[in-house]
Structure formats: C-alpha cells, structure tokens
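Participant: got a sequence here, can you model it:
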Amino acid sequence: MNATSHEILAVLLRATIALSVSALVVEGLIRWLRPRSIVLQRAAWLLVLVQGVVWGSMSLNVPCPAWLVSTNSGTENEVAPAIPAEVTSVPLDMPFVVGGMPDTTIIESPGLQSDEVDWRRALLLTWIVGMVGLTTLWLAAYGRFLFRCAGSRPAREAWAAEWEALLAREGVRRRIPLHVSDRIGPVLCWTPWGYRLVVPSGLWSELNPDQRAAVLSHELAHFRRGDLWRNLVAQSLGLVHWFNPAAWWAASRFVALAEWACDREAAGRHPTGPVEYARALLRVGAGRDSFSPCAATVRGGSLAVRIRQLLTVSSLEDSIMKKTLVAIVILAMLGLNVFRVQLVAQEPEGGLPIAPTAPLEPLPGNTSAPPGNTKHVASYSGVAGSYVIEPPDVLKLQLDKMVPRPPYRVSAYDVLQVFATGVSPEFPISNFYLVEAEGTIDLGPTYGRVKVAGKTIADITKIVEVKLLEMYAKPKVSVQLARATSFNPVTGNYLVGPDGTINLRQYGSVHVAGKTVAQAAKVIEGQLQKSLQDPVVSVDVTAINSKVYYIITLGGPDKGDSVDRVPYTGNETALDALAQLQGITQISGKHLWIARPASAKSEPGVKEQILPIDWAALARGAGGSSNPEIRSGDRLYISDKPLTELTQEPSRLRSPPSGASAPPTRR
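Facilitator: Numbers count the residues shown, from 1 in each chain. Okay, here's the model as predicted:
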C-alpha cells in the first residue's frame, strides 16, 4: 500500500503539471493566432484534458552523441577504480550484536508506517473522496433536474408542428418530443425515457416564429453534434483533477465552444441573419437553469461573449499554416507526456572504455574463478545498455530497501521494537527486544516472556496485549520489526559462474548470461520478488572477464608454436600485448602482425583483416599504424618468417593452435 500510494501520487502530480502547462500553452496560442475553427479549438482543449489521464509513458532510447559522452567522461562515465580483492560470490552475513540494538540497516516493517507515508495516504484518500463527492453532487443535480423535467407537459400543436417540421427538414428520424415547463428551458436533455426538448411556456409565447425557429435550430445542433455526451466526457476528464483550476478551465472552454458552434449554425439558418438571432439570445438568456451533466441549453456560456462572436465572425477560413502550427504544438505537448527520451551510451568500436585493475584473487572453494592469469581482470562501471553479460564477468548489485513480503513471520534472532501505553510508569515497555533461540522475547521480570516465533506482527501485537490485560485495564501495544535476520543483504559483488548464473544464496540462483544489464536487473528483481516486496535492483558490470585476445608465437618446426590467452581490458596496444610476454628475445626475425576477425562493416567475402606491425619503428617509439590498438578476439602473431612466406600454411594464420579455445564472440 505504501509503494502504491507513492506511485499514484507521483503519477498524479506529473499528470496535473502536464495538464496545467498544456492549458497555459493552448490559451496563449489561441490568443496569439486567434483561430476561427471551433473544431480545432475544441480538439486543443480536449487534448489538454487528456494530458491529465495519461498515466503511463513509453521510453525512447536515443543514442548519446559522442561529444556529450566525452564531455561527461570525467564524472558519471569515469572509469571505476579496481575491484577489491575481497570480491566474493555472495556478500557476507550481517553482523549481529546480542544484548543491544544491532549496528545494521533498519528494515522497514510493512505493518507500521512513517509520518511521511501517512501523509501520502491522507492525500490519496482526499483525492478519492473529492472525486466521489463531486460525482455524488453531479448525480444529485441530475436527479433534481429529472424531477423538475418530469413536471413538463406536451407542447401546443402549433409549437410541436414547428419542431416536427424542423426535424423533418434536417432529416432527423429519432423522435424527440417537445415539452413545455413553467420552471426550466429551453434545454435539450437526455432522460431514462429518451431525449426531450423542454422550453419555458411563458417565454415561448413571447417569441415570434423566427425566434422560436432559431432557438430550436440551436438545440437541434446540439443533438446532431452529440454535444451532450462530448461535454460529459470532457467534464469527467476534468473531474480526475478536481483540485486543479486549470482542469475546470479547460472543461469549461470545451463546453463554451460547443455553444459557439451551435450559435453559428443557428444564425446561419435564421432568415434575418445573426443580428435577429442575437436578439433572440438576449430574450432567452434572461434566466439560468441549474446545472445538469446530461443537458445542453441555449443559455449556456457567457451571452456577451457569444453575441460578440456572432456579430464579428468572419467568413474567412484559417490558413493551413495556422492549423498545422496549432496541431503540431498540441501533439508535441502530448508526445512529451507520453514518451520519455533516454540517452543511451554507444559502445565504442574496439571495446568498452575500461581500465586494468588490481589482481582478483581466486575465491576459496569457488570453482568458477576466471581461468588463466587473473592479474588482468578489468573493472568497469556504468556499462552501456547493449553490453551482454557472459561468464566470468563480475556484477555489482545494489538494493536500497529490503521489505519482506507480507505477512512476515518472525524468526529467532529477529529484533522487535515494542511500545505499550496504559502500563505502569515504573515498569514501562518501550525498547528493542531480541527474539531468542527458543522463539520468545523477554519483556522483563514484571511481564515475563512471550512466544513470538512464527507469528506475524499483528499476531504478536494481540499476544502482548492479552498478556498485559492480565495486569492492566486498557493497554495499547505497538510492535515494529526492527531487523529481520532471516533476510541476508543482496548488495555486493557477484561472479557469473560457468553455467551463466549468479548465486543469491537464500534467494536462489539467477541466470544472467546472454542478457543486457537492464534485462539482468529485471530478472533479478523477479527472483527477489518471491521473498521481498517491490524490490528495485541496480546492476553494474564491475569486471569484464569474458573478453580476451591471443598472442600466437610461430617458432617453426624446431621451436614449435605457442599461444597465450590474455584477458582484454579495452585499452591495449600491440606494445602492451608484447609486454605480456616480457619481450620477443627468442625471435630473431621479429615479424609481427595482427589478424582481426571481420566485422559487420567489412566488405563481403573478407574473413579477417591483417594489420602488419613494424617492430623496428615500434621499438624506436613510433606510434600510429606502428602500434595498432588491440581488440577483443584479435590474434597477435610473432614469427621468425615474414607473412608472405607463411601463406602456404593458412591454417596457422586462420585459427589458434589446437588446444586453445576460440575467441569469444561479442553479441
């Protein structure tokens, strides 16, 4: 409930801010461009209201520009320091101190809430009560309107004939009876027994036939346009943000524009034009009807504004550029609320920007330690989202909050915080109590021991209250879980085993090989969710051990060939690779080259790329092509013969000698 309240309030706050900003932008845009199209303006205000109910978002991953990555290279993307030598497959146990409060992280109990969470619940409850209350007022207003409408009676034959003639002329087949009333109208409404047009009997007798026809045309326009239901939808969208004046402003503008549209249609059908129709509006608009969510009345909106709109309306249409500009701005605001743009760092060609670290000692009793020489293990923090985890990489997991899934049952060596009121001040109960090995807590010599092992927090509260009722009349007890020893911490460094899994101990094993960092985090969260409530895990690759390159020495028939498998750290050059062999003194010819597997950008038919190395220039300190960069999967050849003399032995150049594993393939 705590997490749910926090998430709902956060989404509601984001939505109401988006609605408010959109309302200001739309109002400013309409005042600046002054569009004549009512359809365009209503669409704009409707999208403003839709902003308030867009509670979900989609992420768009955009490649991060290289210049932005280089600018931030000294901060978030900075190469991490070396991994400590004490990296283990699982983190150490939490320390425990008997006889006092342990020096550990307090675990939040799902049974008790902090003041901050109480405020969130109160705000969420206020929001729900506000919506329910306003909905109740709407239904009550509609009920009162139906009660008043039930007292109406069928109109005179002459008046009904005018209405029927208008319906026939406009091709409306639905039967909409015309009624007169002494209390309400003119209003087109929906009732449980169908549509009905109600007009005031006194006013209807004073209007001439042309004025009555104009009013009837206005109400018929509401029916043809479906304004009753459209207005109801707009007002319902605003109801979600009943506390935000911008939502009510947008809904009122949407409803007012419907009146303007019907005024234009009725004035265009009036035989004497908009001037006479404006006079009819003044006669009709003398009174006000009570609000009803399922009714449309010619008296709606500001009469002064509506008459000004009628008399100043222009026959010119909005330009295509004006319509396009309004549409683009509205859709852009909606897109900013729906989509979340995330910059994703791209893995540079040739490997990730990682750096060599201190030696990683083999784990005691762990058979999944990195093979070969471990002093070249790499450390990297903030791996790009496209990096694929492989054995024997090292992952760092960070879990900020550990909340047991309710109902949590207390076990031995847990720590409970018990507070009681209504007891003797001389023998208070307000302290941390250790659950002893036999499953009891000692409340002191006055109250004795209480069995709590295997019980929930609510059960323990009742048990302690029953215990105190033996001595006091109305004791009140509060119990909180201060520490749960049955839940080991998840935060720590984990080595990906040969089977592609990491061992989370009591939480089980999780297969992460072949997954990206984001996918691995989601899988780990799913595993932890079996024991913890709403876990959120962050994953970093702190040691990339799955990328290697090879140094192949071709000694000929006398000396034989040799191969060395060297872990790839991401910043080696040919000279760095040669330093791994302590030089090349055994080779007299000093012929060197790099065989690099073909990439996706290589020309068709090309299987590998050959990069020759000038040893003499390299020894003199030359750079550039004389000291090329080493990449994962490269093979650095050292031979006593030039490459041209070895073309008859392609097998020695195309693959490592027998017994050596092939370079891993970056997926």
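Participant: quick one: low-confidence ranges for the stretch 301-450 of the chain?
Facilitator: Within the stretch 301-450 of the chain, the ranges that satisfy pLDDT under 70 run 301-304, 309-318, 337, 339-386.
Participant: strands of that one, start to end?
Facilitator: Secondary structure of the stretch 301-450 of the chain (DSSP state E, counting those that start in this stretch): strands located at 339-344, 355-356, 378-379, 394-399, 415-421, 430-434, 440-442, 449-451.
Participant: burial count for A266?
Facilitator: Residues near A266, counting by other CB atoms under 10 Å, number 24. In this view, the C-beta of every residue, glycine as well, is placed from N, C-alpha and C.
Participant: looking at this protein, which helix or strand is least sure?
Facilitator: Lowest mean confidence among the helices and strands of the chain (mean pLDDT, DSSP states H and E): strand 378-379, at a mean of 34.
Participant: look up how far I613 lies from N571.
Facilitator: 18 Å (CB to CB, to the nearest Å).
Participant: give me the more crowded residue out of the two.
Facilitator: Ranked by neighbour count (other CB under 10 Å), N571 and I613 place I613 first, with 22 against 17.
Participant: now the more buried one: phi and psi?
Facilitator: As for I613, its main-chain torsions (degrees, to the nearest 10) stand at phi -120, psi 130.
Participant: do the one 4 residues further on as well
Facilitator: Listed backbone geometry of A617 is phi -70, psi -40, with angles given as degrees, to the nearest 10.
Participant: number of residues surrounding the closest residue to it other than its chain neighbours?
Facilitator: In space, and not counting its chain neighbours, A617 is closest to S626: 4.3 Å by CB to CB, 6 or more residues apart in numbering. Using other CB under 10 Å, S626 has 19 neighbouring residues.
Participant: how about residues contacting whatever helix or strand H218 lives in?
Facilitator: Following DSSP states H and E, one finds H218 within helix 209-225. With contacts defined as CB atoms under 8 Å, 6 or more residues apart in numbering, helix 209-225 is touched by 159, 162-163, 166-167, 170, 172, 174, 176, 186-188, 195, 197, 199, 204, 207, 228, 258, 261-263, 265-267, 269-272, 276-277, 279-280, 283-284, 296, 298.
Participant: and the residues you listed, which of them are buried?
Facilitator: Taking 16 or more other CB atoms under 10 Å as the criterion, what is buried in the contacts of helix 209-225 is 159, 162-163, 166-167, 176, 186-188, 197, 199, 204, 207, 228, 258, 261-263, 265-267, 269-270, 276-277, 280, 284, 296, 298.
Participant: hang on, the earlier thing: looking at the strands of the stretch 301-450 of the chain, which is buried most?
Facilitator: Most buried of the strands of the stretch 301-450 of the chain, by mean neighbour count (mean count of other CB atoms under 10 Å): strand 378-379, with a mean of 26.
Participant: if we can go back for a sec, and the strands of the stretch 301-450 of the chain as a markdown table, adding distance to R14?
Facilitator: Converted to a markdown table, the strands of the stretch 301-450 of the chain look like this (distance: least, CB to CB, whole Å):
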| stretch | distance to R14 |
| --- | --- |
| strand 339-344 | 11 |
| strand 355-356 | 39 |
| strand 378-379 | 37 |
| strand 394-399 | 25 |
| strand 415-421 | 36 |
| strand 430-434 | 39 |
| strand 440-442 | 44 |
| strand 449-451 | 46 |
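Participant: what packs against the longest helix seen in the chain?
Facilitator: Using DSSP state H to define each element, the chain has its longest helix at helix 115-150. With contacts defined as 3 or more CB pairs under 8 Å, 6 or more residues apart in numbering; DSSP states H and E, the packing partners of helix 115-150 are helix 2-33, strand 178-181, strand 187-191, helix 227-239.
Participant: whichever helix or strand comes after it pairs with which strands?
Facilitator: Downstream of helix 115-150, the first helix or strand assigned by DSSP H and E is strand 153-154. Strand pairing for strand 153-154, using DSSP bridges, gives strand 178-181 (antiparallel).
Participant: the strand it pairs with - what's its average pLDDT?
Facilitator: Strand 178-181 carries an average pLDDT of 89.
Participant: so how far is the helix holding H218 from its chain's centroid?
Facilitator: Chain-centre distance of helix 209-225: 49 Å, with CA atoms, centre = their mean, to the nearest Å.
Participant: how about stretch 131-149?
Facilitator: Computed by CA atoms, centre = their mean, the chain-centroid distance of stretch 131-149 equals 37 Å.
Participant: quick one: S5 and L124 touch, right?
Facilitator: Yes. Between S5 and L124 there is a contact under CB atoms under 8 Å: 4.9 Å.
Participant: okay, now T136: neighbour count?
Facilitator: The number of residues packed near T136 is 10, by other CB under 10 Å.
Participant: so how far is Y142 from it?
Facilitator: According to CB to CB, T136 stands 11 Å off from Y142.
Participant: what residues are shared contacts of those two?
Facilitator: Residues touching both T136 and Y142 (CB under 8 Å, 6+ apart): there are none.
Participant: give me the low-pLDDT residue ranges for the stretch 1-150 of the chain?
Facilitator: Applying pLDDT under 70 to the stretch 1-150 of the chain flags the ranges 1-3, 56-118.
Participant: same question, the stretch 151-300 of the chain
Facilitator: The stretch 151-300 of the chain contains residues with pLDDT under 70 at 269-273, 275-276, 285-300.
Participant: swap in 50 and give it another go.
Facilitator: Of all residues in the stretch 151-300 of the chain, those with pLDDT under 50 make up the ranges 287-292, 295.
Participant: can you map out the helices along the stretch 551-667 of the chain?
Facilitator: 556-559, 574-579, 615-619, 650-654 (DSSP state H, counting those that start in this stretch).
Participant: weakest of those helices by average pLDDT?
Facilitator: Comparing mean pLDDT across the helices of the stretch 551-667 of the chain, the lowest value falls on helix 650-654: a mean of 49.
Participant: distance check, I8 against A280.
Facilitator: Distance of I8 to A280, given as CB to CB: 49 Å.
Participant: any chance of the backbone angles for the closest residue to P274 other than its chain neighbours?
Facilitator: Once flanking residues are discounted, P274 sits nearest to A267: 4.0 Å by CB to CB, 6+ apart. The phi/psi pair for A267 (degrees, to the nearest 10) reads phi -70, psi -40.
Participant: and for R596, the neighbour number?
Facilitator: R596 - counted by other CB under 10 Å - has 20 other residues nearby.
Participant: report the beta-bridge partners for it.
Facilitator: Beta-bridge partners for R596, by DSSP bridges, are Q609.
Participant: that one contacts Q609, correct?
Facilitator: Yes. Counting by CB under 8 Å, R596 touches Q609, with 4.5 Å between them.
Participant: shared neighbours of those two, which are they?
Facilitator: Contacts common to R596 and Q609, judged by CB under 8 Å, 6+ apart, are absent.
Participant: show the end-to-end separation of stretch 509-520, please.
Facilitator: 12 Å (CA to CA, to the nearest Å).
Participant: mind listing what's buried in that stretch?
Facilitator: Across stretch 509-520, burial judged by 16+ other CB under 10 Å covers 510, 512-513, 515-517, 520.
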